[in-house]
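Undergrad: Need the 3D shape of this:
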Amino acid sequence: MTETPPSLAPLTPEAIEALFTRADGQFLFARWGRPIVPVVFGVTDETVGVLKGAIEALCVLTSHKMAETDPELGANMMVFFVRDWSELPETPNLDRLIPELGPLTERLEQAGANQYRIFRFDSDGAIKACFTFIRMDEHLADVPAETLALNQMVQAMVLWSDTAFQDASPLAMVGDRAALRPDIADLMRASYDPVLPAMAQDSSHALRLFARTGKLQ
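TA: Got it, this is the predicted structure:
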């Protein structure tokens, strides 16, 4: 019998607003506006399968689509695993995709970061590409592959605030495995409601999301 995550109270409008309000006070929401085409570098085929499985599950959750290729970029969701940030500038052609790669690498090294995401947007403000960089330090090396994959893909599916999950993970433990929190799952489904815009900069968008999560309870 499959366990389900414990039920949680639905997120309040204020909590939803906070999840999309950046540290500088700016509210910014965005979701993908095109099918996702993932590619993963630096891990075994088995781990690639786990990551792609997490993306597929979230696309099913949100009714979003995946594709074999992106007509503009080829692949538009790229995940890079490294042991040290100094490996990034050595990756062939990565500087073409990330012109600021050199200064970015220095900042990540100085901050001791173990993960970083860069989003690109189309003319409507919807996400058109996401580059995820993961440095497998001692902390992440102890995280099960399924948990790491789900956590990273949740954060790549929607443009959350840069402070969104500092105090609480989007995942919850169910027995000995991690699963997406029900309240976050409801919010992600609401985020991909086709009636809503793919990008919003007004905090009133949190109320529209809240109204749709309520329908899912």
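Undergrad: Got the domain ranges for this structure?
TA: Following automatic domain parsing, one finds the domains of the chain at 1-31+158-217, 33-157.
Undergrad: Pro38 reaches Ala67, doesn't it?
TA: No: taking CB atoms under 8 Å as the definition, Pro38 is not a contact partner of Ala67, at 9.9 Å. (Each C-beta comes from the backbone N, C-alpha and C, glycine too.)
Undergrad: follow-up on the earlier one: mind putting the domains of the chain in a markdown table, mean neighbour count and mean pLDDT included?
TA: Listed next are the domains of the chain as a markdown table, based on neighbours: other CB atoms under 10 Å; pLDDT from 0 to 100:
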| stretch | mean neighbour count | mean pLDDT |
| --- | --- | --- |
| domain 1-31+158-217 | 16 | 87 |
| domain 33-157 | 16 | 94 |
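Undergrad: And the contacts of the longest helix anywhere in the chain?
TA: Identified as the longest helix of the chain according to DSSP state H is helix 45-62. Taking contacts as CB atoms under 8 Å, 6 or more residues apart in numbering, the residues outside helix 45-62 that touch it are 31, 36, 38, 40, 43, 64-66, 77, 79, 81, 145-146, 149-150, 152-154, 157, 180, 185, 188-189, 191-192.
Undergrad: what's the angle between the lengthiest strand in the chain and helix 45-62?
TA: For the chain, the longest strand by residue count, based on DSSP state E, is strand 127-135. Using axes from the mean of the first three to the mean of the last three CA atoms, to 10 degrees, the direction of strand 127-135 lies 140 degrees away from that of helix 45-62.
Undergrad: Which elements pack onto strand 127-135?
TA: strand 77-82, strand 115-121, helix 145-157 (3 or more CB pairs under 8 Å, 6 or more residues apart in numbering; DSSP states H and E).
Undergrad: what about whichever helix or strand comes after the shortest one, distance to the chain center?
TA: With elements assigned by DSSP states H and E, the helix or strand that comes after strand 77-82 is helix 94-97. Shown here is helix 94-97, whose average C-alpha point lies 21 Å from the average C-alpha point of the whole chain (CA atoms, centre = their mean, to the nearest Å).
Undergrad: let's have the chain start at 835 instead
TA: Happy to do that; since the first residue is 835 now, the last one works out to helix 928-931.
Undergrad: Could I get the CA-only coordinates of helix 928-931 as PDB?
TA: The C-alpha coordinates for helix 928-931 follow below in PDB (Å, rounded to 0.1, in the frame of the first residue of the first chain):
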ATOM      1  CA  LEU A 928      28.900  26.400 -21.800                       C
ATOM      2  CA  ASP A 929      30.200  30.000 -22.000                       C
ATOM      3  CA  ARG A 930      28.100  30.400 -25.100                       C
ATOM      4  CA  LEU A 931      25.000  29.600 -23.200                       C
END
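Undergrad: on that earlier part again, restrict the longest strand of the chain to CA atoms and write it as CSV.
TA: C-alpha atoms of strand 961-969 as CSV (Å, rounded to 0.1, in the frame of the first residue of the first chain):
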residue,chain,number,x,y,z
ILE,A,961,10.2,30.5,-18.8
LYS,A,962,11.9,29.3,-22.0
ALA,A,963,15.1,27.8,-20.4
CYS,A,964,16.5,26.8,-17.1
PHE,A,965,20.2,25.9,-16.3
THR,A,966,20.7,24.1,-13.0
PHE,A,967,24.2,23.7,-11.6
ILE,A,968,24.8,21.3,-8.7
ARG,A,969,28.0,20.9,-6.8
